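**Q** predicted structure and sequence below. I'll ask about it afterward.
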Amino acid sequence: MTSFIEQHRDSDDATLAAALVEHAGSLALRMREEGLSTDYKTSISDVVTEADRAAERFVAETLAELRPHDGVLGEEGASKHGDSSRTWVIDPVDGTFNFTQGSDYFCSALALVEGDPSDPARILIGAVHRPAMKTTWLAHDGVATRNGEPLPDLAPASLPSQGLVTYLHPTFMRDDAIRNAWLRAVRDAATIRMWGAGSVDLSNIASGQLGGWLQHSVADWDWLPGKALIEAVGGVAKKVPAGGVTWCVAGNPQIVSDIEARLTEHDESL
């Protein structure tokens with residue numbers, strides 16, 4: 001950690017963000033290769049490992065040294081109120097269930113925001129690193145890059161012509177209002193995929209892969225890094241109430257409009 005801190009003592013926020021997710025992701029991958037035990041939070045698929053905790057600890061402690069006035073909010077419990085208006089929102093391993101199963105569909109992600117992370121005035125930076133693929137996405141100053149190469153704006157496309165990346169936990173299939181809202185939203189998609197790592201999903205969509213993204217009750221750390229990337233490529237990332245919950249929807253403006261219209265169609269909860 002000491003060498004990382006000294007190396008980035010004078011780095012700007014964007015450079016630091018990219019380096020943090022790359023180091024955190026690489027640390028998690030290396031720890032998995034050495035062997036990990038898994039703990040369970042709310043369900044058999046809601047898991048945490050020592051790699052999650054170690055990666056978050058590295059990011060939080062580095063930020064305490066290099067950005068002492070900023071706040072920190074992490075999925076695994078890191079929490080600090082800074083005296084600036086800024087907060088670093090950390091997801092040390094997004095897609096932990098995939099991670100524990102040996103899949104490469106996971107990442108480390110973070111966002112730097114101004115204001116309350118649950119409703120930030122501005123997302124300054126979004127950074128996502130997929131260590132198994134050695135791929136880093138970065139959004140800042142209205143520009144998104146993938147491994148340093150600028151990403152073009154998303155092309156307009158409708159839901160019936162595009163794939164939809166989504167997630168609905170099986171327990172919510174029992175809730176009529178939620179299930180019906182989800183079915184309305186996905187019914188006309190060209191195809192549906194559920195991969196279980198929101199920041200990877202959103203990064204891929206920002207790169208022009210597939211079309212849109214839909215999930216309800218999304219945590220700030222699963223939403224803000226990818227939201228920054230989507231908006232930096234001319235897309236829309238917004239919250240839509242339907243079925244008694246709040247859905248996060250992202251993609252090009254046309255597909256988001258299509259999904260929103262279907263979510264709210266004949267919704268008795270509105």
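**A** Looks like it arrived, so ask away.
**Q** Trp137 in helix, strand or coil?
**A** Classification of Trp137 using DSSP: H, G, I helix; E, B strand; the rest coil returns strand.
**Q** hey, what's it bridged with?
**A** Note on Trp137: beta-bridge partners by DSSP bridges are Val128, Arg146.
**Q** the strands in the stretch 151-270 of the chain, which residues?
**A** Taking DSSP state E, counting those that start in this stretch to define them, one finds strands in the stretch 151-270 of the chain at 163-166, 191-193, 212-216, 236-242, 245-251.
**Q** ramachandran angles for Ala189?
**A** The phi and psi torsions at Ala189 (degrees, to the nearest 10) take the values phi -70, psi 150.
**Q** distance of it from Glu34?
**A** Here Ala189 is placed at a distance of 40 Å from Glu34 (C-beta to C-beta, to the nearest Å). Heads up, the C-betas are built off the backbone N, CA and C, glycines and all.
**Q** okay, those two: which has more neighbours?
**A** Neighbours per residue (other C-beta atoms under 10 Å) separate Ala189 from Glu34, with Ala189 holding more: 25 against 8.
**Q** thinking again about what came up before, pick the most deeply packed of the strands of the stretch 151-270 of the chain.
**A** strand 212-216 (a mean of 27; mean count of other C-beta atoms under 10 Å).
**Q** which residues touch that one?
**A** Applying C-beta atoms under 8 Å, 6 or more residues apart in numbering, the contact partners of strand 212-216 are 159, 162, 164-168, 172, 178, 182, 185-186, 189, 198, 201-202, 205, 226, 243, 245-252, 255-256, 258-259.
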